[in-house]
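K.L.:
Build me a model:
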Amino acid sequence: MTASQSKYRAWLVHFTAWAVIFGMPLFVTGPDRPLLSGGEYLRFLLIPLSFMVVFYTNYLGLIDRYLTTRRFGRFAGYNVLLIGAVMIGVHLLFRYVLPDTGHRPPMERTWQDALRFFAGNAVLYLLVVGAGVAIRMTGGWYRAEAARQELEHSRTEAELQNLKSQLNPHFLFNTLNNIYSLIQIDVDRAQRSVHELSSLLRYVLYESSRPTVPLKAEVEFLRDYIELMRIRQPRHVRVFVSLPGEPSPTPVAPLLFISLVENAFKHGVSNEKPSYVTIDIHEEGRRLVCRIRNSCFPKSGDSDRSGSGIGLTNLSKRLEMIYPGRYTFEYGQAGDAYQALLCIELPDE
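P.N.:
Next up is the predicted model:
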């Protein structure tokens with residue numbers, strides 16, 4: 001809801017409330033309470049009109065100018081003057097402009113009676129002031145909360161875009177490193193890999209800019225990437241891949257699993273020793289499960305040129321922003337293997 005729509009709705013509520021108050025004498029009738037005459041209704045209108053004067057003087061002026069700026073003394077003083085002036089004005093109007101035309105004899109009042117009468121009326125006007133303060137402050141709190149949530153949403157979106165902008169060059173850097181290594185092994189395969197890389201980059205640069213992509217597109221992207229990684233592996237490296245054959249069109253956040261796959265190939269492959277990488281991604285009802293297990297040959301220092309250290313941190317932040325409370329993410333070394341398990345609760349279609 002926009003600010004103008006919210007303001008329009010608030011004034012519509014005000015109009016409805018005052019319409020009910022002004023129309024009460026027209027509905028509260030009976031055999032012992034006949035409909036008011038024109039003069040009697042005008043006398044009745046003076047009271048809600050005086051309430052409106054006190055209410056909107058506070059609502060539109062005094063509250064923002066004095067109460068919210070913590071000038072409580074001036075706020076109280078101006079309200080005392082306002083209520084006193086309104087009460088005196090109403091009393092004079094009743095006495096000289098719209099006197100009671102009934103046959104009731106005038107009541108002789110002592111100063112104590114007059115004091116009690118004005119004190120009782122003052123309490124009513126103070127309640128009107130309290131209502132104005134409560135409504136104004138509550139509306140201000142809702143506006144401030146809406147602004148805070150909008151700011152938080154904008155900050156989250158900006159941070160998410162920043163994480164994506166980190167991930168794209170990070171992915172490109174890793175893939176180019178792989179192709180560079182492949183050039184030394186098989187030039188023809190390296191040329192085909194460049195063509196495959198163009199397809200991958202098209203997905204990363206264009207599709208990943210959207211908030212969600214179909215699961216099918218994400219799976220095809222992973223399949224192409226794994227094939228690109230597979231062709232440069234030594235013979236003693238075993239790669240087992242299980243991806244959904246017919247993935248659903250369920251929307252998912254793009255580039256969620258690429259960091260896990262990259263880490264598996266980076267830390268799970270040795271150029272001399274037998275190695276393996278197992279990748280299993282499947283759907284279990286409304287859950288998307290990614291389970292990756294690999295042999296453990298961690299690289300560090302100068303041997304790690306991939307820059308993929310940002311991968312898991314990046315993924316954890318993205319998961320918390322996109323699927324808060326709807327995912328589990330566990331990873332770490334278990335014996336001589338490294339494993340990662342990511343489960344995401346997908347929204348209903």
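
K.L.:
pLDDT wise, what is residue 162 at?
P.N.:
Predicted confidence (pLDDT) at residue 162: the value is 54.

K.L.:
Also residue 289?
P.N.:
94.

K.L.:
Can you name the element that comes right after the helix or strand bottoming out on mean pLDDT in the chain?
P.N.:
Least confident helix or strand of the chain, by mean pLDDT, DSSP states H and E, is helix 111-183 with a mean of 70. Counting by DSSP states H and E, the next helix or strand C-terminal to helix 111-183 is helix 187-205.

K.L.:
what comes up buried for stretch 131-150?
P.N.:
For stretch 131-150, burial by neighbour count (16 or more other Cβ atoms under 10 Å) applies to 132-133, 135-136. (Each C-beta comes from the backbone N, C-alpha and C, glycine too.)

K.L.:
let me fix that: stretch 122-130
P.N.:
So stretch 122-130, judged by 16+ other Cβ under 10 Å, has buried residues 125, 128-129.

K.L.:
again, but for stretch 281-289
P.N.:
For stretch 281-289, by 16+ other Cβ under 10 Å, it's 281, 288.

K.L.:
what does it contact?
P.N.:
Contacts to stretch 281-289, defined as Cβ atoms under 8 Å, 6 or more residues apart in numbering, come from residues 215, 219, 222, 242-244, 247-248, 250, 252, 257, 280, 290-291, 341-348.

K.L.:
Likewise for stretch 66-79?
P.N.:
With Cβ under 8 Å, 6+ apart as the criterion, stretch 66-79 contacts 54, 58, 62-63, 126, 129, 133, 137, 140.

K.L.:
And the helices in the protein?
P.N.:
Taking DSSP state H, the helices of the chain run over residues 3-27, 38-57, 72-92, 111-183, 187-205, 215-230, 258-268, 310-322.

K.L.:
Counting neighbours, what do you get for the nearest residue to residue 203 once chain neighbours are set aside?
P.N.:
Spatial nearest neighbour of residue 203, excluding adjacent residues (Cβ to Cβ, 6 or more residues apart in numbering): residue 221 at 4.8 Å. The tally of other residues near residue 221 (other Cβ atoms under 10 Å) stands at 22.

K.L.:
what's near enough to touch residue 221?
P.N.:
200, 203, 207, 258.

K.L.:
roughly how far apart are it and residue 215?
P.N.:
11 Å (Cβ to Cβ, to the nearest Å).

K.L.:
Same question for residue 258.
P.N.:
According to Cβ to Cβ, residue 258 and residue 215 sit 14 Å apart.

K.L.:
Between the two, point out the one with more neighbours.
P.N.:
Neighbours per residue (other Cβ under 10 Å) separate residue 258 from residue 215, with residue 258 holding more: 24 against 19.

K.L.:
hmm, back to that, mind checking which of the helices of the chain is nearest residue 298?
P.N.:
helix 258-268 (5.1 Å; Cβ to Cβ).

K.L.:
So which elements touch the closest one?
P.N.:
helix 111-183, helix 215-230, strand 275-284, strand 287-295, helix 310-322, strand 337-345 (3 or more Cβ pairs under 8 Å, 6 or more residues apart in numbering; DSSP states H and E).

K.L.:
Redo the ones you listed as JSON lines? Include distance to residue 192.
P.N.:
Below are the helices and strands packed on helix 258-268 laid out as JSON lines (distance: least, Cβ to Cβ, whole Å):
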{"stretch": "helix 111-183", "distance to residue 192": "10"}
{"stretch": "helix 215-230", "distance to residue 192": "9"}
{"stretch": "strand 275-284", "distance to residue 192": "21"}
{"stretch": "strand 287-295", "distance to residue 192": "25"}
{"stretch": "helix 310-322", "distance to residue 192": "26"}
{"stretch": "strand 337-345", "distance to residue 192": "29"}
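
K.L.:
Now do stretch 237-248, average pLDDT.
P.N.:
The model assigns stretch 237-248 a mean pLDDT of 88.

K.L.:
ditto for stretch 255-269
P.N.:
For stretch 255-269, the per-residue pLDDT averages 86.

K.L.:
Return the alpha-carbon coordinates of stretch 124-139 using PDB.
P.N.:
Extracted as PDB, the C-alpha positions of stretch 124-139 are listed here (Å, rounded to 0.1, in the frame of the first residue of the first chain):
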ATOM      1  CA  LEU A 124     -14.600  14.600  28.300                       C
ATOM      2  CA  TYR A 125     -12.400  17.000  26.300                       C
ATOM      3  CA  LEU A 126      -9.300  15.500  27.900                       C
ATOM      4  CA  LEU A 127     -10.500  12.100  26.700                       C
ATOM      5  CA  VAL A 128     -10.800  13.600  23.200                       C
ATOM      6  CA  VAL A 129      -7.200  14.800  23.500                       C
ATOM      7  CA  GLY A 130      -6.200  11.400  24.700                       C
ATOM      8  CA  ALA A 131      -7.900   9.800  21.700                       C
ATOM      9  CA  GLY A 132      -6.200  12.200  19.300                       C
ATOM     10  CA  VAL A 133      -2.800  11.400  20.900                       C
ATOM     11  CA  ALA A 134      -3.400   7.600  20.700                       C
ATOM     12  CA  ILE A 135      -4.600   7.700  17.100                       C
ATOM     13  CA  ARG A 136      -1.800  10.000  15.900                       C
ATOM     14  CA  MET A 137       1.000   8.200  17.700                       C
ATOM     15  CA  THR A 138      -0.300   4.800  16.600                       C
ATOM     16  CA  GLY A 139      -0.500   6.000  13.000                       C
END
